[in-house]
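In: predicted model and sequence below, questions to follow.
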Amino acid sequence: MARRWVLTGQEGFETSLEYQKDLIIPSSQELGPHEVLVRMHAASLNYRELVIAGPIGVNGPITPPIVPGCDGAGIVEEVGSSVREFRSGDRVVTHVSPKLVESRGDDALAGFADVPPCLGQGSDGTLRSHGVYSEAGLVHAPTSLDLLHAATLTCTWTTAWNSLFGLKGREAGPCSWVLVQGTGGVSTASLQLAVAAGATVIATTSSEEKASRLKALGATHVINYRTNSEWGEEARLLTPGGRGFDFVIDVGGNETLPQSLAAVRVDGIILVVGGVGETTEAVPMSAALLHSCIIRGILAASRNQFRELVRFIDEKGILPAVDDVVFELAAAKSAYRRLKEKKHFSKVLIRIDH
């Protein structure tokens with residue numbers, strides 16, 4: 001029998017998340033020609049799910065019931081009659097935007113109009129023991145990772161990959177300087193990828209304990225943004241000749257963008273990948289002119305970029321950093337509380353036992 005969580009509305013995860021058990025597992029005869037039945041073994045959480053579960057805002061409405069979550073990994077059990085890329089027994093990871101792939105191909109990059117149909121919002125996501133997914137919504141898992149760690153890749157790691165390697169001719173490498181903010185999923189993934197590429201990475205955080213973990217992952221310097229409000233300028237002074245950073249991974253939005261602008265070099269790139277900071281006055285686009293830089297918004301990555309990420313992880317032997325606490329599927333509400341209260345490091349994991 002199958003188990004799953006569903007959102008019954010958008011009144012916050014405490015109210016709207018409902019756990020369902022003793023569900024019928026779909027049979028192979030029920031699969032569409034391009035559908036794949038996956039026995040899920042792990043999932044991980046993202047900030048976007050807290051937004052989706054809340055009152056209708058920037059992400060838009062859902063049509064309940066919907067299974068939340070977009071990050072997940074498992075093993076293929078059955079495939080539809082026209083599926084060619086996967087077969088029973090394959091280890092797979094979910095891709096966040098299968099409908100985009102179906103309509104525009106494996107190289108398509110998502111715009112904001114493509115967000116509502118994504119896993120966990122417009123189609124059933126990963127917080128379930130068994131899931132039927134479109135063939136376009138899966139990639140092969142890295143051979144070097146167990147499924148628990150592979151389940152972290154879908155959203156944050158693809159975003160980090162696109163940020164550092166998505167512009168051809170401007171990829172991060174041994175001569176690059178990269179600034180990451182905090183210890184959330186995209187920031188730690190960017191740190192690990194940049195270090196593996198030979199780049200020099202400076203990180204920010206608010207605690208000595210987290211600073212030690214960032215250094216253990218390869219950060220050359222860590223700046224406490226609570227004790228220095230002008231951390232962008234402090235970070236810039238650490239770069240050669242004070243020139244600034246080639247890549248700044250901005251996760252806070254308007255709260256952190258002024259410091260990102262202070263840190264970036266001329267013709268450097270600020271990657272706007274999130275908005276987890278406090279609500280504050282909007283930073284005008286004209287600021288890019290004043291700092292002579294590129295500002296690039298990122299929404300995950302294409303399916304082909306996801307495949308590139310998988311190959312890189314296997315080649316470099318990268319083990320994604322994860323939180324100290326792993327939750328069972330039935331304890332998903334506790335996992336979301338940990339995420340909301342920002343008590344986690346990097347990625348909050350859900351183990352799905354069978």
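Out: Received it, and whenever you're ready, just let me know what you need.

In: isn't residue 347 up against residue 325?
Out: No: at 11.0 Å, residue 347 does not count as touching residue 325 under the criterion of C-beta atoms under 8 Å. Bear in mind the C-beta positions are built from the backbone N, C-alpha and C, glycine included.

In: which other helices and strands contact the lowest-mean-pLDDT helix or strand in the chain?
Out: The weakest-scoring helix or strand in the chain, judged by mean pLDDT, DSSP states H and E, is helix 287-291 (a mean of 91). Applying 3 or more C-beta pairs under 8 Å, 6 or more residues apart in numbering; DSSP states H and E, one finds that helix 287-291 contacts helix 257-263.

In: any idea how far the helix it packs on is from the middle of the chain?
Out: Helix 257-263 sits 22 Å away from the centroid of its parent chain (C-alpha atoms, centre = their mean, to the nearest Å).

In: quick one, helices of this protein?
Out: With helices called from DSSP state H, the chain shows them at 13-16, 47-53, 98-104, 147-150, 158-165, 185-196, 208-216, 231-236, 257-263, 287-291, 303-316, 332-340.

In: if we can go back for a sec, got the contact list for the least confident helix or strand of the chain?
Out: For helix 287-291, the external contacting residues (C-beta atoms under 8 Å, 6 or more residues apart in numbering) are 257, 258, 261, 264, 266, 294, 295.

In: wait, what's in contact with the last one?
Out: In this case it means residue 295. Residue 295 neighbours (C-beta under 8 Å, 6+ apart): 269, 270, 272, 285, 288.

In: can I have the buried ones of those as a ChimeraX selection?
Out: Remark: buried members of these, expressed as a ChimeraX selection using 16 or more other C-beta atoms under 10 Å:
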select :269,270,272
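
In: and the furthest pair within the contacts of residue 295?
Out: Maximum pairwise distance among the contacts of residue 295 (C-beta to C-beta): 15.1 Å, between 269 and 285.

In: closest one to residue 246 out of the contacts of helix 287-291, please.
Out: residue 264 (8.3 Å).

In: tell me the contacts of the closest one?
Out: For residue 264, the contact set (C-beta under 8 Å, 6+ apart) comprises 244, 245, 248, 270, 291, 293.

In: go again using 6 Å as the cut-off
Out: Listed by C-beta atoms under 6 Å, 6 or more residues apart in numbering, the contact set of residue 264 reads 244, 245, 248, 270, 293.

In: now, which of these lie within strands?
Out: Residues of the contacts of residue 264 located in strands (DSSP state E): 245, 248, 270.

In: of the residues you listed, closest to residue 337?
Out: residue 248 (30.6 Å).

In: of residue 347 and residue 325, who's got more company?
Out: Higher neighbour count among residue 347 and residue 325: residue 347, with 26 against 14, using other C-beta atoms under 10 Å.
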